[in-house]
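Enquirer: Next input, structure requested:
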Amino acid sequence: MSSQDNEIEYRVVAVVLVAVIVLVTGFAVGLGVHKSRAGASPVASMAPAAAAPATAVAATPSSDDASVVVENGVVKFYFASGKADLAAGALVALGDAIAAAKAGKQLVLSGFHDATGDPAFNAELARQRAVAVRDALVGAGVAPASMELRKPEQTTGTGNDAEARRVEVMIVG
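Expert: Predicted coordinates:
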């Protein structure tokens, strides 16, 4: 009987060991896939369309990645949760806005945030995101006087959380 007890114990240990190996391997593969997706630029395929003046580019923002979309002449920057980093290709998407500002038009930058969490923190993060977009425009040669930063707005409704984490750049007058 003692040898049967040992045999069962070895089987249990073997099953647990195999399960741990499968979990560790799955975690490593998943982490590798996640990092490879984070390194890929979703904007790269949209850059030519974003630069065209009459073309609207629409996409559904991802909840974990920064992205930029040009829709009906409005440049929309979507941000990763808790971050204010601009998506790759930001200046390409801002091409028309930069040209318009240099030609004397005014740009309006509006930040948005959702209602989850601390409202003061969310408003500050929305402001930091708008400032990051403003700084990119200034770096591209747009005069600060030709930009208006609007107070961050809280979005309401049951929409996509990523939709709430955005800054819009509109060309006016």
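Enquirer: residues touching residue 142, list them.
Expert: Residue 142 makes contact with 97, 98, 101, 102, 107, according to CB atoms under 8 Å, 6 or more residues apart in numbering. For the C-beta atoms, the positions are set from N, CA and C on the backbone; glycine is no exception.
Enquirer: And it, what's its pLDDT?
Expert: As predicted, residue 142 sits at a pLDDT of 93.
Enquirer: Ok, residue 131 next?
Expert: pLDDT, residue 131: 92.
Enquirer: doesn't residue 152 fall inside a helix?
Expert: No: counting by DSSP: H, G, I helix; E, B strand; the rest coil, residue 152 falls outside a helix, being strand.
Enquirer: Considering the contacts of residue 142, which possesses the most neighbours?
Expert: Highest neighbour count within the contacts of residue 142, by other CB atoms under 10 Å: residue 97, with 24 neighbours.
Enquirer: which secondary structure element contains the nearest residue to it once chain neighbours are set aside?
Expert: Of all residues not flanking residue 97 in the chain, residue 169 sits nearest, at 5.2 Å (CB to CB, 6 or more residues apart in numbering). Using DSSP states H and E, residue 169 falls within strand 166-172.
Enquirer: With residue 92 instead?
Expert: Counting by DSSP H and E, the element that carries residue 92 is helix 90-93.
Enquirer: Show me what that helix packs onto, helices and strands only.
Expert: Judged by 3 or more CB pairs under 8 Å, 6 or more residues apart in numbering; DSSP states H and E, the packing partners of helix 90-93 are helix 47-51, strand 67-71, helix 119-139.
Enquirer: buried set for the second one?
Expert: Buried residues in strand 67-71, counted by 16 or more other CB atoms under 10 Å: 67, 68, 69, 70.
Enquirer: and it, which strands flank it?
Expert: According to DSSP bridges, strand 67-71 has the following sheet partners: strand 74-78 (antiparallel).
Enquirer: can I see the domain layout of this protein?
Expert: Here the domain parsing of the chain from automatic domain parsing is 1-40, 47-172.
Enquirer: Averaged pLDDT, the shortest one. What do you get?
Expert: Think domain 1-40. pLDDT averaged over domain 1-40 gives 71.
Enquirer: what's the pLDDT at the residue nearest to residue 97?
Expert: 93.
Enquirer: ok, back up a step: so which of the buried residues of strand 67-71 is the closest to residue 14?
Expert: Using CB to CB, residue 67 comes nearest to residue 14 of the buried residues of strand 67-71, at 46.2 Å.
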